[in-house]
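[1] pasting the structure only:
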DNA sequence: GCCAACGTTGGC
DNA sequence: GCCAACGTTGGC
């Protein structure tokens, strides 16, 4: 089983949106490395840290699981979509998506600043300068550290 | 809104 | 295949 961090702008799609939906497809990925992670490495049951970016307090806000492996991102075929890509076609799809299923929401986000401050999380890609990938692998230890930190705070 | 860091595009 | 120009990301 693998572990991931996936970024979303909450104004576009938030953890609450995923909670409401239960499961949802993760469309709009238009970066080859992020696509390759989904296409080649994500399996059903993989666990995901759900991260809110471009918001007042960026950070991990909850968890999800991968519930369907990579399949063509249909928004690339839709000229009306902001994610339209004329180079992608149903015959030869360039972009992929996976489905995520909601797992949990943190009472308070584990903020980017907090991640920066924790020695155990010093190698997380999300705090590496210039790292903008919207899908990033995390280690099991990092995943569990984030989760424990969130749970410990909720227990107080 | 600024801007650093990157990724992509396209002319050559 | 180089690389300048351009677009995007995302924290601040």
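    On my side now, so go ahead. Here the structure is a predicted model, which is why all the values come from computation and not from measurement.
[2] where's residue A:73 relative to residue A:156, distance?
    41 Å (CB to CB, to the nearest Å). For every residue, glycine as well, the C-beta is placed using N, CA and C.
[3] Between these two, which is the more surrounded one?
    residue A:73 (26 against 5; other CB atoms under 10 Å).
[4] hang on, residue A:113 in a strand?
    No. Residue A:113: not assigned to a strand; according to DSSP: H, G, I helix; E, B strand; the rest coil it is helix.
[5] and it, what is it in contact with?
    residue A:59 (CB atoms under 8 Å, 6 or more residues apart in numbering).
[6] what does residue A:96 give?
    A:29, A:35, A:38-39, A:70-73 are the contacts of residue A:96 under CB under 8 Å, 6+ apart.
[7] Which of those residues fall within strands?
    A:70-72 (DSSP state E).
[8] out of those, who's nearest residue A:9?
    residue A:70 (21.9 Å; CB to CB).
[9] Show the model's pLDDT score for the closest one.
    Note for residue A:70: predicted pLDDT of 96.
[10] shouldn't it be in contact with residue A:98?
    Yes. The pair residue A:70 / residue A:98 is scored as a contact, 5.5 Å apart, by CB atoms under 8 Å.
[11] Could you pull out the residues contacting both of the two?
    With CB under 8 Å, 6+ apart as the test, residue A:70 and residue A:98 both reach A:38, A:42.
[12] give me the element the closest residue to residue A:23 other than its chain neighbours is part of.
    Nearest non-adjacent residue to residue A:23, counting by CB to CB, 6 or more residues apart in numbering: residue A:101, 4.5 Å away. Using DSSP states H and E, residue A:101 falls within strand A:96-111.
[13] Is the lengthiest helix in chain A in proximity to DNA strand C?
    Using DSSP state H, we find that the single longest helix of chain A is helix A:140-155. No. Residues of helix A:140-155 contacting DNA strand C under CB under 7 Å from any atom of the strand: none, with a closest distance of 14.7 Å.
[14] Having no further points to raise, I will conclude here.
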